[in-house]
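> quick one, structure for this:
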Amino acid sequence: MANLTRYNPFNEVVSLREAMDRLLADSFITPNTSTFGTRGVNANLFETQEGFILQVPMPGVRPDEVEITIQQDTLSLKWQTKMQTPEGATVHWHGFQSGQYQQAFTLPAPINSESAEASYTDGVLTLHLPKAEHAKVRTVKVNAK
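I've put the predicted structure just below:
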């Protein structure tokens with residue numbers, strides 16, 4: 001006896017959000033020198049009551065050559081890596097290469113760009129981004145009359 005499975009066309013339906021994500025991801029072509037693919041660089045974002053902490057791995061980058069710009073809730077990074085193949089060596093694969101990179105991050109809330117701080121340790125850029133005063137959580141007391 002044969003096993004029959006009823007065809008259900010709704011099993012193949014994707015959400016509008018998933019379809020738009022695929023469309024946007026496939027629409028942008030990154031340079032061949034990009035090691036991060038079309039999805040951008042991997043990063044960690046943590047939120048505290050006072051602000052955000054963003055960690056971005058940047059192997060082979062000189063910290064003084066990283067350009068950081070902040071506007072409202074958007075943070076943009078530009079940097080360049082310079083990797084050299086050792087003399088007489090044969091390349092079998094490139095995990096990260098020389099090239100210019102750019103990445104923008106949209107944060108969950110506006111930040112105070114005047115108080116932002118950046119540090120670079122062991123190949124990881126760490127940004128401390130305090131929230132803008134109007135974006136911080138406040139407790140409001142109710143006055144009874």
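> in this protein, where is pLDDT below threshold?
Low-confidence segments of the chain (pLDDT under 70): 1-5, 7, 10-11, 27-40.
> those strands in it, which residues are they?
Along the chain, the stretches classed as strands by DSSP state E are 44-47, 51-57, 67-71, 74-81, 99-106, 117-121, 124-130.
> which strands and helices sit next to the fifth one?
Other helices and strands packing on strand 99-106, by 3 or more Cβ pairs under 8 Å, 6 or more residues apart in numbering; DSSP states H and E, are strand 74-81. For every residue, glycine as well, the C-beta is placed using N, CA and C.
> what residues of the strand it packs on count as buried?
L75, L77, W79, T81 (16 or more other Cβ atoms under 10 Å).
> L107 and D26, how far apart?
Separation of L107 from D26 (Cβ to Cβ, to the nearest Å): 25 Å.
> and those two? which has more neighbours close in?
Under the criterion of other Cβ atoms under 10 Å, the comparison of L107 against D26 puts L107 first, with 19 against 9.
> I'd say that one and L75 touch.
Yes - the pair L107 / L75 is scored as a contact, 6.5 Å apart, by Cβ atoms under 8 Å.
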